[in-house]
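[1] got a sequence here, can you build the structure:
(chains A and B)
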Amino acid sequence: MILEMAADALGDRLAIGTRADGLTFAQVRAAARAVAVRIGEEHEHVETLAMIDPLSPLVPASLFGAAWAGVSYAPINYRLPDDQMQELLRRLDPVVVAGSHWVDTTHDSNAEFHPLPERPAVLLFTSGTSAAPKAAILEHDQLLAYVFNTLEFGSAGDDEAAIVSVPPFHIAGVAALLSSTYIGRRIVPLPRFTAEDWIRIVREEGVTHATVVPTMLARIVQVMEADPDARVPTLRNLAYGGARMHKSVLERALHLMPETDFVNAYGLTETSSTVALLGPDDHRLGLYSDEPLFKNRLESVGRPVPGIEIRIADADGNALEADQAGEILIRGDQVSGSYVGTDSKVDAEGWLHTGDRGWTDIEGYLFCEGRADDTIIRGGENIGPAEIEDALLQHDAISTAAVVGLPDEEWGEKVAATITLRPGVEEIDVDHVQEWVKARLGSLKTPEIIELTDELPQTATGKVLRRQVRDDLLAKYGS
Amino acid sequence: MPNQMGKRYTCAECEATVLVTKAGEGTLSCHGQPMEIAQAKPLPSSD
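    The predicted structure follows:
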């Protein structure tokens, strides 16, 4: 329906690609119809269309074509080793994989496809930072609730363009397609992200909007700091999310791009993407205000979007007051929490239990500390790794950091950190780094072990694989 | 004037809201009155 609306009202507008080579919304509709017809004629028994390509016109054609054919759309990580990919496809059976040549044909018929598909709209495999990935189920109604509650149809000017470097198999990649189609904004794909390419394409294509994950922003900031000409004057809006943004990186970015509006988007696969937003004014207030309430908001993920309720709960599910930390629960029409084959994370009152720890301030701004599972418990004290990582990142020589708990006979757990150094920095004195953290956070939170590495293990969107960080440290240092 | 594609219209009396998904010639009415166009309150772009 969304693509139909866009093609009807904005058919000649560019939907995806460069100004030289892009496809219009009408052309994307024709390609999506061809995908739907092909599924209906050649793959009748299939229930899911899998898509294993980086972002290109095949992606929206598959997303919308699958809906018209009444099957689910399952984008899959194209960088997975073959055996893992085969395993995921086996779990999706009966399935067909979209072929790159499928968009070489188009279809013009006005035939109505399935107006009320029975199959879920999208199946997304979650990050799998711990066990085997689960397939999260997103229904048409849930995705549409996100679109209708947060967006205005055709509201993008025809001069707008969004650079998309988040992959199609991540919720942010799915949301980017739905949103840009509904508002009528051109997407410029950047499937293989480098900070240099990102800056170059933003300049070349007059990109006005971007969504990045925090590790991408950190690299962009590093390039901009090294080269004063590496600037993006056309960029009106920069949204970020998908993992924790460290305040020191954000502040540097805000200073480097003062004309750009920054937006923090907090959401999960299970919530059809964004449920809370921290807007541009809050960012500027956070940077320039002396009032602690506003200053601290730079670390907030903002306030709930329309249609969403957020509750902070204790271990028994009771709502807590402002400034009290607990589990973040979310409720609303865009929230799913269902998975293929495993239990839902939604309770009897419709609250999704996110497994994230956080609190809200007196005006309802949400602060997210991190996964509850990542909390380190040392001598009976709860220690959130994020705070220690933030402190480490304030150091000029340190680029990224991951803090975990290792078993300790005396204290239960001890704090350990793995860090990477900024480009050009060869080495660092571990004692000095410990003193750095101790001066800021005290000795309880000071890492006893500090390990140097070239790159932290991460998912495709820059979420640190903490389990692997911990395993690597255990292997080296024992327990 | 005919209702516009993609706009929301509300009824002043009963607060029913309609989102137009296909353009046409007609005008929506509710409780005997043409429905009013709802003002958009756009959020900042997040994706």
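[2] so the residue in chain B that chain A sits nearest to: helix, strand or coil?
    Chain B approaches chain A most closely through residue B:6 (2.7 Å), counting by Cβ to the nearest Cβ. Bear in mind the C-beta positions are built from the backbone N, C-alpha and C, glycine included. Of the three states, residue B:6 takes coil according to DSSP: H, G, I helix; E, B strand; the rest coil.
[3] do the same with residue B:43
    Reduced to three states by three-state DSSP, residue B:43 is coil.
[4] swap in residue A:249?
    Put simply, residue A:249 is helix when judged by three-state DSSP.
[5] any idea how far the nearest residue to the residue of chain B closest to chain A once chain neighbours are set aside is from residue A:440?
    Computed as Cβ to Cβ, 6 or more residues apart in numbering or on different chains, the closest residue to residue B:6 that is not its neighbour in sequence is residue A:153, at 2.7 Å. Residue A:153 sits 48 Å away from residue A:440, going by Cβ to Cβ, to the nearest Å.
[6] list the contacts of the residue nearest in space to the middle of chain A.
    For chain A, the residue nearest the mean C-alpha position is residue A:242 (2.8 Å; Cα atoms, centre = their mean). Contact analysis of residue A:242 by Cβ atoms under 8 Å, 6 or more residues apart in numbering or on different chains lists A:166, A:170, A:172, A:213, A:214, A:461, A:462, A:463.
[7] count of neighbours near residue A:45?
    Close neighbours of residue A:45, defined as other Cβ atoms under 10 Å in any protein chain shown, add up to 6.
[8] quick check: phi and psi at it.
    phi -90, psi 0 (degrees, to the nearest 10).
[9] so what's residue A:189 up against?
    Counting by Cβ under 8 Å, 6+ apart, residue A:189 makes contact with A:16, A:17, A:54, A:55, A:56, A:164.
[10] of all the residues you listed, which two lie farthest apart?
    A:17 and A:54 (13.5 Å; Cβ to Cβ).
[11] higher neighbour count, these two?
    Counted by other Cβ under 10 Å, residue A:17 and residue A:54 do not tie: residue A:17 has more neighbours, with 20 against 16.
[12] what sits against that one?
    Residues in contact with residue A:17 (Cβ under 8 Å, 6+ apart) are A:23, A:57, A:186, A:187, A:188, A:189.
[13] kindly reformat these as TSV containing secondary structure and pLDDT.
    Below are the contacts of residue A:17 laid out as TSV (DSSP: H, G, I helix; E, B strand; the rest coil; pLDDT from 0 to 100):
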residue	secondary structure	pLDDT
A:23	strand	95
A:57	coil	95
A:186	strand	97
A:187	strand	97
A:188	strand	97
A:189	strand	97
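[14] so what pLDDT did the residue most central in space within chain B get?
    Nearest residue to the geometric centre of chain B (Cα atoms, centre = their mean): residue B:9, 1.9 Å. As predicted, residue B:9 sits at a pLDDT of 91.
[15] show me the beta-bridge partners of it.
    Taking DSSP bridges as the rule, residue B:9 bridges to residue B:18, residue B:37.
[16] residues of the stretch 301-450 of chain A that sit close to chain B?
    A:305, A:306 (Cβ under 8 Å from any Cβ of the partner chain).
[17] neighbour count winner among residue A:153 and residue A:440?
    Legend: neighbour count by other Cβ under 10 Å for residue A:153 and residue A:440, higher for residue A:153 (24 against 16).
[18] what about stretch A:88-98, start to end distance?
    15 Å (Cα to Cα, to the nearest Å).
[19] so which residues on the stretch 1-150 of chain A come close to chain B?
    A:1, A:4, A:5, A:8, A:9, A:148, A:150.
[20] which among those residues end up buried?
    Listed as buried from those are A:4, A:5, A:8, A:9, A:148, A:150; burial here means 16 or more other Cβ atoms under 10 Å in any protein chain shown.
[21] mind checking the SS state of the fifth one?
    This means residue A:148. helix.
[22] burial measure for residue A:42, as a count.
    9.
[23] cool, and residue A:281?
    Residue A:281: 11 neighbours (other Cβ under 10 Å).
[24] which helices and strands sit right next to the helix or strand hosting it?
    Taking DSSP states H and E as the criterion, the element that holds residue A:281 is helix A:280-288. Under the contact definition 3 or more Cβ pairs under 8 Å, 6 or more residues apart in numbering or on different chains; DSSP states H and E, helix A:280-288 sits against helix A:247-256, strand A:261-268, helix A:292-295.
[25] rerun that using 6 Å as the cut-off
    strand A:261-268, helix A:292-295 (3 or more Cβ pairs under 6 Å, 6 or more residues apart in numbering or on different chains; DSSP states H and E).
[26] run the chain-centre distance for that helix.
    With Cα atoms, centre = their mean, to the nearest Å as the basis, helix A:280-288 stands 22 Å off its chain's centre.
[27] again with stretch A:164-171
    On Cα atoms, centre = their mean, the centre of stretch A:164-171 falls 8 Å from the chain's centre.
[28] do it and chain B meet?
    No. Remark: stretch A:164-171 sits outside contact range of chain B, by Cβ under 6 Å from any Cβ of the partner chain, the gap being at least 8.3 Å.
[29] coming back round to it: ok, and what's touching the helix holding residue A:281?
    A:254, A:261, A:262, A:294, A:295, A:297, A:298, B:44 (Cβ atoms under 6 Å, 6 or more residues apart in numbering or on different chains).
[30] kindly export it (C-alpha atoms) in PDB.
    Taking C-alpha atoms only, helix A:280-288 is exported to PDB below (Å, rounded to 0.1, in the frame of the first residue of the first chain):
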ATOM      1  CA  PRO A 280      17.900  18.400  17.500                       C
ATOM      2  CA  ASP A 281      17.000  21.100  20.100                       C
ATOM      3  CA  ASP A 282      17.700  18.700  22.900                       C
ATOM      4  CA  HIS A 283      21.100  18.000  21.400                       C
ATOM      5  CA  ARG A 284      22.000  21.700  21.200                       C
ATOM      6  CA  LEU A 285      20.700  22.300  24.700                       C
ATOM      7  CA  GLY A 286      22.700  19.400  25.900                       C
ATOM      8  CA  LEU A 287      25.900  20.800  24.300                       C
ATOM      9  CA  TYR A 288      25.600  24.400  25.300                       C
END
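[31] sounds good, over and out.
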